[in-house]
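Peer 1: No letters, just coordinates:
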């Protein structure tokens, strides 16, 4: 067993090997590297589990594992679960950075939003292509995609996401549903940001 910084360095090296395998489209080997890197980091978790960088590294490895699984085919459910694990950590870190308004934290928040966007887009694609979940799960991911687009000031794509989810919510739950009100609120904010009211 490797201790302390050495295990972090070992995990980083194995992770880099995984990314090299991804470049060569050797996804099975990449998956093995990403899983091993995650195992090494988690075995060293007691000393670092509360630090942002540690949690971010864990989230990135879940994202990488999800990507490798999605490229292998036949592993969509597992890939979605890995993306969900990444999203939970990224959102936790982003929420903490929102509390701190420093410029450096705002840049970190943008980076996290871009990572979340990637994870949610991958999850959405897998869910659509494989028809693995019911429509409500698919549209929940699409709603979150809209939120991330709005955070990144990509208002046109945010609006497209919100309008699709609004149509679904109205068909499913009717106009009086709280989710419809939430989406209308989000759309109103988009119009304000775009100054199109």
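Peer 2: Looks like it came in fine. What you see is a predicted model; the values in this text were computed from it and never measured.

Peer 1: Do you have the helices of the protein handy? List them.
Peer 2: Using DSSP state H, the helices assigned to the chain run over residues 4-23, 27-43, 45-48, 52-72, 76-98, 103-130, 135-151, 155-173, 178-194.

Peer 1: Let me have these in JSON lines, extended by mean pLDDT and mean neighbour count.
Peer 2: From N, CA and C alone the C-beta is placed, and that goes for glycine too. Listed next are the helices of the chain as JSON lines, based on pLDDT from 0 to 100; neighbours: other C-beta atoms under 10 Å:
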{"stretch": "helix 4-23", "mean pLDDT": "83", "mean neighbour count": "16"}
{"stretch": "helix 27-43", "mean pLDDT": "92", "mean neighbour count": "20"}
{"stretch": "helix 45-48", "mean pLDDT": "58", "mean neighbour count": "12"}
{"stretch": "helix 52-72", "mean pLDDT": "91", "mean neighbour count": "21"}
{"stretch": "helix 76-98", "mean pLDDT": "88", "mean neighbour count": "19"}
{"stretch": "helix 103-130", "mean pLDDT": "82", "mean neighbour count": "18"}
{"stretch": "helix 135-151", "mean pLDDT": "91", "mean neighbour count": "20"}
{"stretch": "helix 155-173", "mean pLDDT": "94", "mean neighbour count": "17"}
{"stretch": "helix 178-194", "mean pLDDT": "91", "mean neighbour count": "15"}
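
Peer 1: Please give me every residue in contact with residue 65.
Peer 2: Shown in contact with residue 65 (C-beta atoms under 8 Å, 6 or more residues apart in numbering): 31, 34-35, 38, 79, 82.

Peer 1: Against residue 58, how distant is it?
Peer 2: Distance, residue 65 to residue 58, by C-beta to C-beta, to the nearest Å: 11 Å.

Peer 1: Find the residues that touch each one of the two.
Peer 2: residue 38.

Peer 1: Tell me both backbone torsions, phi and psi, for residue 75.
Peer 2: In terms of degrees, to the nearest 10, the main-chain angles of residue 75 are phi -130, psi 30.

Peer 1: Identify the residues contacting it.
Peer 2: residue 69.

Peer 1: Report the separation between it and residue 28.
Peer 2: Going from residue 75 to residue 28 by C-beta to C-beta gives 11 Å.

Peer 1: same question, residue 34
Peer 2: On the measure of C-beta to C-beta, residue 34 and residue 28 end up 11 Å apart.

Peer 1: Over to residue 159?
Peer 2: 40 Å.

Peer 1: so what's the nearest residue in space to residue 61 that is not next to it in sequence up against?
Peer 2: Computed as C-beta to C-beta, 6 or more residues apart in numbering, the closest residue to residue 61 that is not its neighbour in sequence is residue 38, at 4.3 Å. Contact analysis of residue 38 by C-beta under 8 Å, 6+ apart lists 11, 58, 61-62, 65.
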